[in-house]
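Asks: Compute the structure for the input listed below.
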Amino acid sequence: MGWTSPVILGLLAVAVLGVLGILGYEPRRADPLLELRLFRNVPFTSAILMALGALCGFSASLFVTTQYLQDVRSMSALAAGGCLLPVGLLVLVLSPRTGRVVGTRGPSAAACPGGGESVAPT
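Replies: Predicted structure coming up:
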């Protein structure tokens, strides 16, 4: 449809109005769903933005990988999903453990093994 399509522009306007509605409504509640005061803390905001970037990158890589497996490698959707199943299982198993490690030893203890993976000799 393109970015200038009335449907796309209308949905973008609805999204912007939704965000503005939440930003206007939540501070007046006694028990807000999203505590906006937390975003005044620079380390908290930085961590949230970094996590958002990492999750967007991970999701994009999964999307592109499934497209590659199906379009370039001519795999079926089921076969491509089977190839990516170990990734999902690792996320499922390691996410709770990583949270505990970050809570007890700090974020570098969890980040170093992941960073070391990309610099290991092949």
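Asks: Where do the domain boundaries of the chain fall?
Replies: As given by automatic domain parsing, the domain ranges for the chain are 1-40, 41-116.
Asks: Tell me where this protein is predicted with low confidence.
Replies: 109-122 (pLDDT under 70).
Asks: Find the residue at the geometric middle of it.
Replies: Relative to the mean C-alpha position of the chain, the nearest C-alpha, by Cα atoms, centre = their mean, is the one of residue 55, at 2.1 Å.
Asks: How far away from the center of its chain is the helix or strand hosting that residue?
Replies: Following DSSP states H and E, the helix or strand that holds residue 55 is helix 42-71. Helix 42-71 sits 5 Å away from the centroid of its parent chain (Cα atoms, centre = their mean, to the nearest Å).
Asks: Check stretch 94-108 too.
Replies: Relative to its chain's centre, stretch 94-108 lies at 17 Å (Cα atoms, centre = their mean).
Asks: What are the buried residues along that stretch?
Replies: Using 16 or more other Cβ atoms under 10 Å as the burial criterion, the residues of stretch 94-108 that qualify are 98, 101. Placement of C-beta: from N, CA and C, glycine included.
Asks: and residue 48, what is it in contact with?
Replies: By Cβ atoms under 8 Å, 6 or more residues apart in numbering, the residues touching residue 48 are residue 39.
Asks: any idea how far it lies from residue 80?
Replies: Distance of residue 48 to residue 80, given as Cβ to Cβ, to the nearest Å: 32 Å.
Asks: Could you report the neighbour count for residue 69?
Replies: 19 (other Cβ atoms under 10 Å).
Asks: Contacts only, for it.
Replies: With contact taken as Cβ under 8 Å, 6+ apart, residue 69 is in contact with 75, 79-80, 83-84.
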